[in-house]
Each structure stands twice: as structure tokens, then as C-alpha cells.
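Chemist: got a predicted structure plus its sequence, pasted below:
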Amino acid sequence: MADPLAGRYTLDSPHKNDRMANDWYYENGGTRHGPVSPSALKQLADSGDIRPETLVWREGMPQWAQARAVKGLFTGNAPAPAATPAPAPAAAPRWQPSLPSDWHLFDVPVDLARRYCPADLPATISGAVGKTGVYSLYAAAALVLLGGIVVAIRGGAVRSFAIAALISFLVLVAQYIAQRLLGACDVAIASNKSVLSSLAIPHCAFVVSAASAIGGALSLWWAAAEAGEIKLLLGGIAVLAVGAFAALVAIQPSGISVDVNPDCRVGEEAVGVLTFLLKVFLRCAPIAFAAAVVFATFETASVVLAILRRSEETLVLFGRITAAIGYLFAAASIPLVAYATMLVYYLTLDVISAIVSIPGKLDVLGRQPGSGTE
């Protein structure tokens, strides 16, 4: 009897020029994988990783369907031969594990994050939080200028006001540079495509980022409770925010222009892993920038408050002012560091590619007429 499902869907989408419409997703061991190309899906079927009863889905399908419904995926789309019933065991166990052999407890948060985290959510969060850091530098510049005015009025020294005005101006310059470089990093993430052979690295990056965020935050909060220091409390919040966001970015590689293709070569996989980690770093740069700027602005505000209250000695206050200014410029330099790291990485890739291609180019030149090597 013919299989009623065979040939219901085609391996290639009618919209062949639309790459997303051609991408397939499949479920294996309770975990959903993809996107993969039609040729990659066919290779998985030929190797036995995808069986006729495996669930697959592509854009345009109303719901997940068994792989045997895809025309051309299996030879002739013939239904799988019925297995010869084996004799019943003498004593069947009462309970048999239903989990796949490679299942792990951490697969639960990984699957939940992949299912409920949209691919474009990290970009949206990154843009909004990055603006928070940019606007916080306005407040920091105003606080520095206010502190200089107060010191100048009390001491009768115009020099203090001039120094504060210069520092405020430099903070605004750093803010402008940071804002422009954050935008340049976003463009670099979207315009440079890379590929991985599987989701193993994104899943590992998700688990490591989440575990590091939780462990680091708890350690800082414990230290804050013992020392009664609010800075440690804020630091724990910042570590948790940056680490959790890094996990969010890693779990959806398509959001940073990283595709999954089992057909990629080993060299492409190596470059893809490094590029994936770089893109996670670049996407997290606005979060780290905003967290550092908010902390530096808080420290600047506390210094200005101490100036207004005259609650500290001049030498101690001078040290705090110097530290607060250093925090501001260090925080504002985070986008610059991220952008410079990206330039060095891609420049290194280009140099390596050029060096590797030299023997082939020399061989071509040697075979040209008149070269004497024909």
C-alpha cells in the first residue's frame, strides 16, 4: 500500500532565491536543529541521522511533518519497511528511560532559551541599553562641571572651573566616539557572515556564560553583604546582566549572522568558531559599556555629593575625583576596544588568507606562456 504522506512536500522551496524559505529544521533526540540547507538535509537523511519518522519543518509548512512526507529526501520516498516483530522478552522491565542517550540536565534551559528567545531580541536590547550608556555620559559630564563650579566658588580659583570644563568637554568627545563605534560594530556583525557545522559551540557558550554570570554575581553579592559596600552590589548586578545577555546572544547564532551547515569544512568551522565568539563579544559591548558608564556616573555623583557636604578631607577627595574621572574614560573606551579588536581579527584573517594563497598564485604565474616553466 502506498504511503499517503510521501511526496506531500518538496525538498526545495518554490521560492529558490529566498535562502530562508529553503532552510529546513529537524528534531533529533528531543532537540530541534537548524537551519540547514536542502542538500545538508538530504545528506543527513542518507547518513541515517534523519529517519522517515523524524519531524521536519520549513517556512511555508503549516506544521511539523514526518520526513517521509518530503519528496526526494529518501530514495523513491518509499515507506520504511516494516520491522519484523521480535519475540517478546521473557521478563520485560516495568520502566524504560525515554530520554536520548546524550541527554543532559542543561539541555532543559538550552531548549527553553532557543524556543522562547527571538533571534532579533539581543540586537533590540543591545541598542536600547547602549543608548542608556550614551545618555548617562551626558549626566556624568554635567556632574563633573557642577563639581568644578562648587570648588571654584568655595576656593575662589577659576582654575578649578577651567579644569572641570575641559574634562566635561573630553567626556562628551568620548561619548560621541563611543556612540559612532557602537553603530559600526552593529554593521560589522550583520555584514560579515560565518558558518558553524552544528550548534555545539553556541550551546556550550550559553551554558558557560550563564554559569559565569550566576557564580560571579553571587560572589560579589556575598562580598557586598560582608563588607557593606554598595559598589560590590552594583558590580554583581552588572556581572549578572552582561553574562545573562551573552548567554542570550549565544543561544541564537542566527541573530549575529552565523549559520549552521553540516557541510562546512574544518577550516570554515575553525574560522566560524572564532568569528562566533568575536560577534558575541561585539554584541555584548554595548551592555558592558552601559554598565560601566552607569557605575562611573554613580561614583562621580557620590564624589560631587561629598564636595557639597564637605564630608571628606581634601587629599582623600582629590583621590576619589581622580578615580571617578578614570572610571568615566575607561567606560567610554569600551566601544573603542571592541571595534579595534574586530579590526585586528579581520585583518589577521585577510593576512593569513593572502599568505595561504601565495603558492597557488605562484603556480598559476609559472604556467603562463613565456614563463619558461611550461
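Modeler: Alright, I've got the coordinates. These numbers come from a predicted model, not from an experiment. Numbering: from 1, shown residues only.

Chemist: ok, which stretches of this structure are helices?
Modeler: Assigned by DSSP state H, the chain shows helices spanning 19-22, 38-47, 107-116, 121-155, 158-191, 200-227, 230-251, 266-309, 314-332, 334-366.

Chemist: now the weakest link among those, please, by mean pLDDT.
Modeler: Note on those: lowest mean pLDDT is at helix 19-22, with a mean of 59.

Chemist: to Asn28, which of the helices of the chain lies closest?
Modeler: helix 38-47 (8.7 Å; Cβ to Cβ). Using the backbone N, CA and C atoms, a C-beta is placed for each residue, glycine as well.

Chemist: the spatially closest residue to Ala292 that is not a sequence neighbour - how many residues pack around it?
Modeler: Excluding the flanking residues, the one nearest Ala292 by Cβ to Cβ, 6 or more residues apart in numbering is Ala331, at 3.4 Å. Residues near Ala331, counting by other Cβ atoms under 10 Å, number 25.

Chemist: can you check the one 10 residues further on too?
Modeler: The burial count assigned to Thr341 is 15, neighbours taken as other Cβ under 10 Å.

Chemist: could you measure from it over to Cys204?
Modeler: Counting by Cβ to Cβ, to the nearest Å, the gap from Thr341 to Cys204 is 21 Å.

Chemist: next: Gln175.
Modeler: Distance of Gln175 to Cys204, given as Cβ to Cβ: 36 Å.

Chemist: and if you look at Gly319?
Modeler: Note on Gly319: its distance to Cys204, by Cβ to Cβ, is 43 Å.

Chemist: circling back: more neighbours: which of Gln175 and Cys204?
Modeler: Taking neighbours as other Cβ under 10 Å, Gln175 and Cys204 compare with Gln175 leading, 21 against 13.

Chemist: so the more buried one touches Leu137, yeah?
Modeler: Yes. Gln175 is within contact range of Leu137, at 4.0 Å (criterion: Cβ atoms under 8 Å).

Chemist: which neighbours do those two share?
Modeler: Residues touching both Gln175 and Leu137 (Cβ atoms under 8 Å, 6 or more residues apart in numbering): Ala332.

Chemist: apart from its neighbours in sequence, what residue is nearest Leu199?
Modeler: Closest to Leu199 by Cβ to Cβ, 6+ apart is Val260, at 6.0 Å.

Chemist: ok, that neighbour - contacts?
Modeler: Residues near Val260 by Cβ under 8 Å, 6+ apart: His33, Gly34, Pro35, Val36, Val195, Leu196, Ser197, Ser198, Leu199, Pro253.

Chemist: any idea how far the last one lies from Val207?
Modeler: As defined by Cβ to Cβ, Pro253 lies at a distance of 15 Å from Val207.

Chemist: more crowded one of these two?
Modeler: Taking other Cβ under 10 Å, Pro253 and Val207 do not tie; Pro253 has more neighbours (24 against 18).

Chemist: what's the closest non-adjacent residue to the more buried one?
Modeler: Pro202 (4.9 Å).

Chemist: you'd agree that neighbour is up against Ala247?
Modeler: No. The pair Pro202 / Ala247 is not scored as a contact, 9.9 Å apart, by Cβ under 8 Å.

Chemist: now intersect the contacts of Val260 with the strands, please.
Modeler: Within the contacts of Val260, residues falling in strands by DSSP state E are His33, Gly34, Pro35, Val36, Val195, Leu196.

Chemist: hmm, which two among the residues you listed are most spread apart?
Modeler: The distance between the two most remote of the ones in strands among the contacts of Val260 (Cβ to Cβ) is 14.5 Å, for His33 and Val195.

Chemist: which ones are touching Gln66?
Modeler: Leu5, Pro52, Glu53, Thr54, Leu55, Val56.
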